[in-house]
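**Student:** Need coordinates for the following:
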Amino acid sequence: MIAPNVVRIPALAALLCAPALAQADSPAPRTEQCRAVTETEVAALFDRWNAALQTRQPARVVELYAERSILLPTVSNQPRRTPAERLDYFESFLKSAPRGKIDSRFVQLGCNEALDAGVYTFTFGDGKRVQARYTFTYRWDGQRWLITSHHSSAMPEPVKS
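**Tutor:** Below is the predicted model:
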């Protein structure tokens with residue numbers, strides 16, 4: 001029987017090692033070089049994407065997405081996770097000659113990451129307009145900014161003109 005005021009060595013070792021074990025479980029500190037980016041540069045990334053839409057060449061749009069990325073498009077229920085799925089979506093979407101315009105935006109900057117979210121309006125070749133909420137996330141791949149996620153959804157309530 002152990003006296004009540006005697007601490008077992010394994011219990012003491014666990015108490016002394018707990019901080020080191022907790023640090024081992026935490027993520028390693030980032031050692032990557034952060035690429036500086038401004039809100040203006042992030043806004044230009046949307047302009048680059050919109051210009052690619054104007055070419056009506058689906059492959060030009062798809063090349064702006066990272067290999068591992070997701071597109072949650074406005075006019076399709078299917079999440080697009082692969083380049084082939086994104087190509088399939090844009091082959092259909094570009095037939096309607098879309099042109100986007102940002103109505104309002106919120107930009108958040110991080111280390112080699114950026115978020116651009118807000119409201120945009122698409123005008124199509126037939127004159128139809130659709131206002132939607134959007135979110136783009138971007139990641140610097142060492143050479144250029146690529147889209148890592150893109151979500152777009154039409155406004156749930158009627159839009160007042």
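
**Student:** What residues sit buried inside stretch 124-142?
**Tutor:** 130, 132-134, 136-140 (16 or more other C-beta atoms under 10 Å). C-beta: built from backbone N, CA, C; applies to glycine.

**Student:** distance between that stretch and the chain's centre?
**Tutor:** 12 Å (C-alpha atoms, centre = their mean, to the nearest Å).

**Student:** swap in stretch 111-118?
**Tutor:** The answer for stretch 111-118 is 7 Å, by C-alpha atoms, centre = their mean.

**Student:** same deal with stretch 57-73?
**Tutor:** Centre to centre, stretch against its chain (C-alpha atoms, centre = their mean), the figure for stretch 57-73 is 12 Å.

**Student:** Let's see that stretch as CSV, backbone CA atoms only.
**Tutor:** The C-alpha trace of stretch 57-73 is given here as CSV (Å, rounded to 0.1, in the frame of the first residue of the first chain):
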residue,chain,number,x,y,z
GLN,A,57,-12.9,28.8,-73.6
PRO,A,58,-13.7,26.5,-70.7
ALA,A,59,-10.1,25.4,-70.4
ARG,A,60,-8.9,29.0,-69.8
VAL,A,61,-11.3,29.3,-66.9
VAL,A,62,-10.4,25.9,-65.4
GLU,A,63,-6.7,26.6,-65.4
LEU,A,64,-7.3,29.3,-62.8
TYR,A,65,-8.4,26.6,-60.3
ALA,A,66,-5.9,24.6,-58.2
GLU,A,67,-5.8,20.9,-59.0
ARG,A,68,-7.2,20.2,-55.5
SER,A,69,-10.1,22.7,-55.4
ILE,A,70,-13.9,22.7,-55.3
LEU,A,71,-16.4,24.6,-57.3
LEU,A,72,-19.9,24.9,-55.9
PRO,A,73,-21.6,26.6,-58.9
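
**Student:** Mean confidence (pLDDT) on that stretch, please.
**Tutor:** Stretch 57-73 shows a mean pLDDT of 98.

**Student:** need the buried residues of stretch 124-142 in TSV with secondary structure and pLDDT, can you?
**Tutor:** Shown next, in TSV, are the buried residues of stretch 124-142 (DSSP: H, G, I helix; E, B strand; the rest coil; pLDDT from 0 to 100):
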residue	secondary structure	pLDDT
130	strand	94
132	strand	96
133	strand	97
134	strand	98
136	strand	98
137	strand	98
138	strand	98
139	strand	98
140	strand	97
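
**Student:** Name the nearest of the residues you listed relative to residue 66.
**Tutor:** Of all the buried residues of stretch 124-142, residue 66 sits closest to residue 139, with 6.1 Å by C-beta to C-beta.
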